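Participant: I'll drop the sequence and a predicted model, then ask my questions.
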Amino acid sequence: MNGLQISIIILAVSFGLFSFFLWLSIIGTATQGRRKVEKRMDKIASKKSGLTLQIQEKKKERKSSILKRATGGAGKQSVQRKKIMDAIFNELILADIMMKPEEFSMIWLLLTFVPAGLAALFKAGLMPSATLAAVGAFLPILFVKIKKGRRIKTFEAQLGDTLIMMCNGLRSGFSFQQTMENVATDMPAPIGIEFGRVCNEIRYGATMEEALNNMVERVKSPDLMLVVSAVLIQRTTGGNLSEILTTISQTIRDRIKIKGEISSITAQGRMSGMIIGALPICIAVVLMVVNPDYMSTFFTTSLGKIMLAVSVVMEILGFFAIRKVVTIEY
């Protein structure tokens, strides 16, 4: 096979993968409403009787035992794959991305390999292909991280009003679990969704402590950790929970106010650090794709390797120095 035939084969495979993943993304967007309905149906289905749940658990155990006997070592691989998919699913939920883990994984692979494959098809060289693959693999992670950070900020902004709502419910005679159900029903996303998951876990047999600790592990918010710690201590030692939540609500409001003031004061420093830190990396990435011969000097010569190593070390030191300056402990 000559070079033209290999290029045609790679082009056909790349086009097929692109069409397949594009079709999956279109299907995922078209079925977004249906998945929301299914999620609401799952909340309704969580009110099944204990006997039904026991029957379902027995069926799952029987299926898992049959699978273990049939597959042997393959069962361990499936369990590991399921753990990875569950981790991706939790990250997508925390980022408020209405997408299945399989769909996100396919789009991730698409962004990683298709641009690199097209660069290799047009004989751009190893460096541009590897650079495009690295950028394509990094962009979905960055997107999820940004969305997750915004969701956590929204969650913390809603937490103060949620605690006031729970305090009013406790004073009216509701139990703590009933106030959480009211929050799950009446509060908007994301805090309503997270409290709804807590209520569902309790219905399925988890204890209050386990469900609240699971929410803390998912959200990873210091303010929520403060609230859950106070609630768990009150359940152990006793006390007026409504007064405790009122005090914590005021503390969280003060923390949010201080965070806003600190953010406005350090905005210029943080923006300067981001621009100065990202500018060399972005220029290097662009040059690796546009003019790989120019950047190859840093990888092929001894002086270039030394300069590259020094640049990386100085970039890391500058990042930590600017982060130390703009980070204020409170």
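Facilitator: Structure's in. What do you need?
Participant: so where's this protein uncertain?
Facilitator: For the chain, the stretches with pLDDT under 70 are 1-79, 124, 328-330.
Participant: Not counting its neighbours along the chain, what's nearest the residue most central in space within it?
Facilitator: Per C-alpha atoms, centre = their mean, the C-alpha nearest to the average position across the chain is that of Glu91, at 2.9 Å. Excluding its sequence neighbours, the residue lying closest to Glu91 (C-beta to C-beta, 6 or more residues apart in numbering) is Val144, at 5.8 Å. Where you see a C-beta, it was placed from the backbone N, CA and C, and this is true even at glycine.
Participant: Relative to Phe299, how far out is Asp293?
Facilitator: Using C-beta to C-beta, to the nearest Å, we find Asp293 at a distance of 11 Å from Phe299.
Participant: same question, Arg151
Facilitator: Look at Arg151 and Phe299: by C-beta to C-beta, they are 39 Å apart.
Participant: So for those two, which sits in the more crowded spot?
Facilitator: Arg151 (21 against 12; other C-beta atoms under 10 Å).
Participant: which SSE is that one in?
Facilitator: Per DSSP states H and E: Arg151 is located in helix 126-171.
Participant: which strands and helices sit next to that helix?
Facilitator: In terms of contacts (3 or more C-beta pairs under 8 Å, 6 or more residues apart in numbering; DSSP states H and E), helix 126-171 is packed against helix 74-94, helix 101-121, helix 176-186, helix 191-203, helix 222-237, helix 241-265, helix 267-290, helix 292-295.
Participant: any chance of these in a markdown table, with distance to Ala137 too?
Facilitator: Converted to a markdown table, these look like this (distance: least, C-beta to C-beta, whole Å):
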| stretch | distance to Ala137 |
| --- | --- |
| helix 74-94 | 14 |
| helix 101-121 | 5 |
| helix 176-186 | 36 |
| helix 191-203 | 29 |
| helix 222-237 | 30 |
| helix 241-265 | 30 |
| helix 267-290 | 13 |
| helix 292-295 | 19 |
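Participant: How about Asp96: what's its closest non-neighbour residue?
Facilitator: Computed as C-beta to C-beta, 6+ apart, the closest residue to Asp96 that is not its neighbour in sequence is Arg151, at 5.1 Å.
Participant: quick one: that neighbour from Pro188, how far?
Facilitator: From Arg151 to Pro188 the distance is 12 Å (C-beta to C-beta).
Participant: And for Leu224?
Facilitator: Taken as C-beta to C-beta, the span from Leu224 to Pro188 is 17 Å.
Participant: and what of Lys257?
Facilitator: Distance of Lys257 to Pro188, given as C-beta to C-beta: 22 Å.
Participant: again with Ile322
Facilitator: From Ile322 to Pro188 the distance is 36 Å (C-beta to C-beta).
Participant: And Leu308, by the same measure?
Facilitator: Leu308 is 49 Å from Pro188, by C-beta to C-beta.
Participant: Can you name the residues that contact the nearest residue to Phe319 once chain neighbours are set aside?
Facilitator: Leaving aside its sequence neighbours, Phe319 sits nearest to Gly277 (C-beta to C-beta, 6+ apart; 5.4 Å). Residues counted as contacts of Gly277 (C-beta atoms under 8 Å, 6 or more residues apart in numbering) are Glu315, Gly318, Phe319, Ile322.
Participant: In terms of secondary structure, what does the helix or strand hosting the first one contact?
Facilitator: Put plainly, it is Glu315. Per DSSP H and E, Glu315 falls inside helix 302-326. Other helices and strands packing on helix 302-326, by 3+ C-beta pairs under 8 Å, 6+ apart, are helix 267-290, helix 297-300.
Participant: To Phe138, which of the ones you listed lies closest?
Facilitator: Proximity to Phe138 (C-beta to C-beta) singles out helix 267-290 among the helices and strands packed on helix 302-326, at 9.9 Å.
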